Each structure stands twice: as structure tokens, then as C-alpha cells.
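Engineer: Kindly return the folded structure for what I paste below:
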Amino acid sequence: MCFAFDSLECSKNYIGAHSIQNNGVLNQISIENHVYTLNIEIDQNMLIPQLKFVSIGKNKASTFSGFCKKHDEEFFNGIEDKEYKGTFEQNYWFAFRALCFELDRKLRLKKSYTALFQKHPQATRIPIIYTNYYSSELSIRDSWKEYERFKYIFMEKSFDEIDTFVKEIPFRVGFTATTSVAVGVDMEGNMAADIYNYDEKLFIPSLYISVIPKNSSTIIIISRFKEDLCYEKILTQLKSTKNTDTLFSYITFCLVEYSENVYFSPYLIDSLNEKNKNMIRSAFMGVVSHTPELRIFNMLQTASLNLFDLRL
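Structural biologist: Sure thing, here's the model as predicted:
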């Protein structure tokens, strides 16, 4: 489908739209036109999920079938083909593209659950599977509500309704990410969004995060709707913190704990020792951890990890 607001004018020529700019960003970290992503695999001996670094062509990395060619070019021209100036409108489009990528992923996940339940009806009685399915349904509902808010801003041209933290750091990192995630705690460990509350009446909004490596620097963009008061303190903390280690650790936590749309430089990952590779893999396991003990271990790995140490 095309997530354009004027779907009647859609060209219907659906493409693999990039949530992360191909030539402008992915080529900053790619080697021979390939990047690394983390894929989940099932260990055939122990029958438990594991994450592995997998090489993928940069033309396929971060793509999703969420726009027709016409609207992909019209909507994202201002961030694809123009220098980033930090305008309200540019920040809006970075956030909107992150939302569309995650919404597309959630809709595909729902289809996979439907196929699973058709093939194995008994799976609906397995608590962890049903809980994940129910959670995905609520998340999709919330994402559509956010989509309507983006649409309203677009129609009214009120791009300043998005509050954004921007920081350019003087080195190029060996990873890139763009994501729309509900975040449960702020930088001080206080509750932000109530992400584990499954009350159907509760709306859980998202933060929108992009990490964009450039030739000799990296741009970090984190946005929220101003009306989402649960994230107001997070944006205040991000803007006021003077400790870059704290800042980098918190952004790392948000990406590792909640996101999947992260890509790495093969050169950088291949240069790491096995201990550091395992730290990254363990941290990204997050809620996929199959036992409470492993979940605690992986959270400790997350606390020790700083993705911004991965520099090119």
C-alpha cells in the first residue's frame, strides 16, 4: 500500500522505499555495497532464538513497500536531495518516514500471526504468543492514530507541532538507524510512556529516532509530538545534558531495547573481537530473550553497550 495522504492521486507504482537513505547514508557505512543487519535464527540443537550478523545489499537494506514512486519522491525530496538544515519540515519528514516503516513492519507481523493461527489454531492458547499478538494489535491501532496526526500537520502545514532534539557530533559512526518506538523510561529511569499497560483505552505514542552518519560527522534527530507530554521530559533532558556518554548510552538503550531497523558497517563489525560482537548480539535480543535469567543478562549487556563507540 502507499501511505500517502492523497491516495487517490497515487501512481500505484509501488516501490521498495528506503526508510534510510540509500546513497546519502547507507553508502557511508557499506563495504562493496553491503551492510550488516541482525537476523534472528533458531538454534537447531537448543531450539532457542539467537541473533546473527547477516550481510545484506544496501539496495535492500531498510526497504519497505510503503509508497508508490510518485509519492516517495514528492514526500521525501526535502530530506533525500537537499542538505539537512534542521527545519521543522525536514524533522517532520524524518519522523513520518520512521512511522511508516514501523507501521508497515507491524502490518506484516500481523499477517504472519494470521497465517500461524490458521495453520496452528492451538497457538492461540499459548500465553506468550497471544500476548504478543494482542500487543501488536494495540500497537497498530496506536500507529494509525499517529498517522492521522501526521496527516493533520501536513494538511495544515503546522510542522512546528513536532518538537525535535538535534545534535551533530564530530565523528562518523559505523551504524545507522531510523525508527518509531514507544519508550518506557526517561534518562533518569523515570516512567515515560506506560508501554506495558494493555488497557485498550490507553494510547501509547512514539519517539522518532534517526542516526545519520555523514562524511566526517553524525547527525542525531529525535522527535515527539508536542502534545505527547509523556516524552516532554525526555526531550528536555536530551537538550540540556552536557554529558555525551550519558546521551549516547540513552540513545543506545532506545535503539537496542525497542528497534530493529539498525544497520552496521561490515568493516567495523568484522574488526571487533568476539566478546564485543556477542555484547551487541545479546543487547539486541531484548524481549526476545526466552528466559527471565537471559533477559536480565541481556539487559546488563545493554547497560554496558555504547553504539557510538562504533566509529569509522
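
Engineer: only C-alpha atoms for contact and neighbour calcs from this point on.
Structural biologist: OK.

Engineer: and the gap between the nearest residue to Ala123 once chain neighbours are set aside and Glu200?
Structural biologist: With sequence-adjacent residues excluded and distances taken as Cα to Cα, 6 or more residues apart in numbering, Ala123 is closest to Phe117, at 6.2 Å. Distance, Phe117 to Glu200, by Cα to Cα, to the nearest Å: 22 Å.

Engineer: ditto for Val54
Structural biologist: For Val54, the distance to Glu200 - Cα to Cα - is 37 Å.

Engineer: quick one: which of the two has more around it?
Structural biologist: Val54 (14 against 8; other Cα atoms under 10 Å).

Engineer: Let me have the host helix or strand of that one in CSV, keeping just the CA atoms, if that works.
Structural biologist: Using DSSP states H and E, the element containing Val54 is strand 49-57. The C-alpha coordinates for strand 49-57 follow below in CSV (Å, rounded to 0.1, in the frame of the first residue of the first chain):
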residue,chain,number,x,y,z
PRO,A,49,16.4,-17.9,19.2
GLN,A,50,19.7,-16.3,18.5
LEU,A,51,20.8,-13.1,16.7
LYS,A,52,23.4,-13.2,14.0
PHE,A,53,25.1,-10.6,11.9
VAL,A,54,24.0,-11.1,8.3
SER,A,55,25.2,-9.3,5.2
ILE,A,56,22.6,-7.6,3.0
GLY,A,57,22.8,-5.5,-0.1
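
Engineer: what's it packed up against?
Structural biologist: strand 34-42, helix 274-285 (3 or more Cα pairs under 8 Å, 6 or more residues apart in numbering; DSSP states H and E).

Engineer: From the centroid of the chain, which residue is nearest?
Structural biologist: The centroid of the chain falls nearest to Thr179 when counting by Cα atoms, centre = their mean (2.2 Å).

Engineer: That one: what secondary structure?
Structural biologist: Secondary structure, DSSP: H, G, I helix; E, B strand; the rest coil: Thr179 is strand.

Engineer: What's the end-to-end length of stretch 228-237?
Structural biologist: End-to-end distance for stretch 228-237: 15 Å, by Cα to Cα.

Engineer: List the contacts of it.
Structural biologist: Defining contact as Cα atoms under 8 Å, 6 or more residues apart in numbering, one finds that stretch 228-237 is touched by 163-165, 186-187, 192-193, 205, 207, 222-224, 226.
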